[in-house]
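J.: Fold the stuff below for me.
(one chain, ligands or ions: 2)
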Amino acid sequence: MRRIAVLGATGSIGRSTLDVIQRHPDRYQVTLLSAHRSVDDMEVLCRAHQPTHAVMGDPDAAAALAERLTDLSAVTVESGAAFLDDLVAEPNVDSVVAGIVGFAGLRPTLSAARAGKTILLANKEALVSAGGLFMETVRQGGATLLPVDSEHNAMHQCLPVASDGRPDMVDVEKIILTASGGPFRGRSRSSLDAVTPAEACAHPNWSMGQKISVDSATLANKGLELAEACWLFDRSPDEIEIVVHPQSIVHSMIRYRDGSVLAQLGQPDMRTPIAYCLAWPERVDAGVEALDIVSAGRLDFEAPDLEAFPCLALAQWAISQPGGMCVFSAANEIAVAAFLSGEIRFTDIHKVIDAALKATDLAEPDSLDAVQALDQKAREAAQESIASGLTRSGS
Ligand code: NAD
Ligand code: MG
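T.: Ligands and ions are numbered 1, 2, ... in the order given. Reported below is the predicted structural model:
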């Protein structure tokens, strides 16, 4: 029986994880659930999964949840990030699903790494922001790091992997990272000025949380994933090729030195990579409909349009700068929130990130304090650029 902590339980990744877990009560037991402030959803999840602990980021939400669960004496409700950091490291947790969105997921994920847990990593912003520090913490803690992100999960599946989960890259020539292209694939930059949050969140293939949906529409997500792949597979950006594949059936590929290219195919359903990580190195039923390759019909591939989607080009530059992706990711979080609340246009997102990269002193953060300080500076620079209206001038 593996004991699982699901961070971000009420989100898209959290729900997909709990769906897979529910299919295998003989293998998995949920011991910890966490969410930010959705009390109604958490009440339902706590009743269904009966974790030992439920942690709400928001104190008022924690108080409300505790009130609702007075009849469930087995579930202790806690509030705040510090509790989460401690609880993921407890001996009653074997695997931690890092499903919180954004930088907020960094601390508990690092805590799980320090405690040597198996980490099922969806929260790419944590890895991208803390980079070398994150990977070193995993190594020192003796943790096992398994990628949930579908592309990186595909890469992991196409590589020989050691018993500690680490991939063997010795014969690899190139990683081919696929991108769906998002809802605006094929559109010109000038046609994107007036797109709405609802249009940006309407992903053609995947159903996901709002932030990653917008990131997929700007291709900032592919920039984050490029950095994610560099860290997970110890590659430089020029050893990773980004290819747009609109059907989202091939989830990424590995090209070996003998010319072989291995691809992982599957439905665009996160339950497959989640089930792979939960059961690794075994396989379990994920509840995913079988892929019908004949009805899928065709697999297309094309180069990404960096002119229409400048966030990807910006990420490719930022990766080469010390601390650059920490600033990119923080500024992107601020810009996406501002776009979703109607403060800025879709085409302003890359300008906010660009302004933050220019306004922040870039340096490689070598401690958690340094990562948090750099993230904070980037957020302030991004807010400032939005407040000053700079993003509205020119393109
Ligand atoms: P989501 O918005 O659906 O869910 C986010 C979860 O995080 C919620 O449970 C929310 O309560 C919690 N949360 C948000 N802010 C928090 C805070 N400050 N403190 C504590 N908890 C907080 O997001 P999602 O789509 O499930 O994405 C989660 C992560 O997984 C992201 O990093 C995303 O990039 C990554 N990811 C998602 C998908 C997908 O298909 N959804 C695929 C690949 C990677
Ligand atoms: Mg992905």
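J.: Enumerate the residues of the stretch 151-300 of the chain near ligand 2.
T.: Glu151 (Cβ under 5 Å from the ion). For every residue, glycine as well, the C-beta is placed using N, CA and C.
J.: who in the stretch 151-300 of the chain is up against ligand 1?
T.: Residues of the stretch 151-300 of the chain lying close to ligand 1 (Cβ under 6 Å from any ligand atom) are Trp206, Met208, Gly209, Lys211, Ile212, Met270.
J.: How about the first one, nearest residue that isn't a chain neighbour?
T.: Think Trp206. Pro268 (5.2 Å; Cβ to Cβ, 6 or more residues apart in numbering).
J.: my read: that neighbour touches Ser150, true?
T.: Yes - at 7.5 Å, Pro268 counts as touching Ser150 under the criterion of Cβ atoms under 8 Å.
J.: Looking at these two, which is more packed in?
T.: Neighbour totals were compared for Pro268 and Ser150, and Ser150 leads with 25 against 19 (other Cβ atoms under 10 Å).
J.: what about the nearest residue to the more buried one once chain neighbours are set aside, which SS state?
T.: Closest residue to Ser150 apart from its sequence neighbours, by Cβ to Cβ, 6+ apart: His251 at 4.7 Å. Here His251 is strand, with the state taken from DSSP: H, G, I helix; E, B strand; the rest coil.
J.: cool, Ile175 as well?
T.: Assignment for Ile175 (three-state DSSP): strand.
J.: For it, name its beta-bridge partners.
T.: Ile240, Ile254 (DSSP bridges).
J.: Look up how far Leu159 lies from it.
T.: Between Ile175 and Leu159 the computed distance is 9 Å (Cβ to Cβ, to the nearest Å).
J.: what about the two, which has more around it?
T.: Ile175 (26 against 18).
J.: right, and the more buried one touches Asp234 too?
T.: No - here Ile175 lies out of contact with Asp234, judged by Cβ under 8 Å, at a distance of 10.7 Å.
J.: is any part of whichever strand or helix holds Gln372 close to ligand 1?
T.: Using DSSP states H and E, the element containing Gln372 is helix 368-387. No - Helix 368-387 stays clear of ligand 1 (Cβ under 6 Å from any ligand atom), getting no nearer than 12.8 Å.
J.: and that helix, what other elements does it pack with?
T.: helix 106-114, helix 124-141, helix 324-340, helix 349-359 (3 or more Cβ pairs under 8 Å, 6 or more residues apart in numbering; DSSP states H and E).
J.: now the helices for the stretch 1-150 of the chain?
T.: 12-22, 39-49, 59-68, 81-88, 106-114, 124-141, 150-157 (DSSP state H, counting those that start in this stretch).
J.: send the alpha carbons of the last one over as PDB?
T.: Extracted as PDB, the C-alpha positions of helix 150-157 are listed here (Å, rounded to 0.1, in the frame of the first residue of the first chain):
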ATOM      1  CA  SER A 150       2.900  14.700 -20.300                       C
ATOM      2  CA  GLU A 151       5.900  15.600 -22.500                       C
ATOM      3  CA  HIS A 152       8.500  14.900 -19.800                       C
ATOM      4  CA  ASN A 153       6.600  11.800 -18.800                       C
ATOM      5  CA  ALA A 154       6.800  10.600 -22.400                       C
ATOM      6  CA  MET A 155      10.500  11.200 -22.400                       C
ATOM      7  CA  HIS A 156      10.900   9.300 -19.200                       C
ATOM      8  CA  GLN A 157       8.900   6.400 -20.800                       C
END
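J.: quick one, it and helix 124-141 angle?
T.: Helix 150-157 runs at 30 degrees relative to helix 124-141, counting by axes from the mean of the first three to the mean of the last three Cα atoms, to 10 degrees.
J.: picking up where we left off before, pull out the buried positions in the helix holding Gln372.
T.: Buried residues in helix 368-387, counted by 16 or more other Cβ atoms under 10 Å: 370-372, 374-375, 377-383, 385-386.
J.: For Ala9, see how far away Ser341 is.
T.: 25 Å.
J.: Give me the below-cutoff pLDDT ranges for this protein.
T.: 390-395 (pLDDT under 70).
J.: can I see the domain layout of it?
T.: Here the domain assignment for the chain is 2-148, 149-309, 321-395, based on automatic domain parsing.
J.: Say whether ligand 1 is contacted by the first one.
T.: It refers to domain 2-148. Yes - residues of domain 2-148 are located near ligand 1 by Cβ under 6 Å from any ligand atom, namely 8-14, 35-36, 38, 57, 99-101, 104, 122-125.
J.: Put the buried members of these into a ChimeraX selection.
T.: Buried residues among those (16+ other Cβ under 10 Å), as a ChimeraX selection:
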select :8,9,10,11,12,13,14,35,36,38,57,99,100,101,104,122,123,124,125
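J.: rewinding a little: got any residues that touch both of Ile175 and Leu159?
T.: With contacts taken as Cβ atoms under 8 Å, 6 or more residues apart in numbering, Ile175 and Leu159 have Phe233, Ile254 as neighbours in common.
J.: For ligand 2, what is the nearest residue in the protein?
T.: The minimum distance from the chain to ligand 2, using Cβ to the ion, falls at Asp149 (4.2 Å).
J.: one step back: and the helix holding Gln372, C-alpha only, in CSV?
T.: Output of helix 368-387 as CSV, limited to C-alpha atoms (Å, rounded to 0.1, in the frame of the first residue of the first chain):
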residue,chain,number,x,y,z
LEU,A,368,15.6,29.0,-0.9
ASP,A,369,15.9,32.5,0.5
ALA,A,370,17.6,33.7,-2.7
VAL,A,371,15.0,32.0,-4.9
GLN,A,372,12.2,33.6,-3.0
ALA,A,373,13.9,37.0,-3.1
LEU,A,374,14.4,36.8,-6.9
ASP,A,375,10.8,35.7,-7.4
GLN,A,376,9.6,38.6,-5.3
LYS,A,377,11.7,41.1,-7.2
ALA,A,378,10.4,39.8,-10.5
ARG,A,379,6.8,40.0,-9.3
GLU,A,380,7.3,43.6,-8.2
ALA,A,381,9.0,44.5,-11.6
ALA,A,382,6.1,42.9,-13.5
GLN,A,383,3.5,44.7,-11.3
GLU,A,384,5.3,48.0,-11.9
SER,A,385,5.3,47.5,-15.7
ILE,A,386,1.6,46.8,-15.6
ALA,A,387,0.9,49.8,-13.4
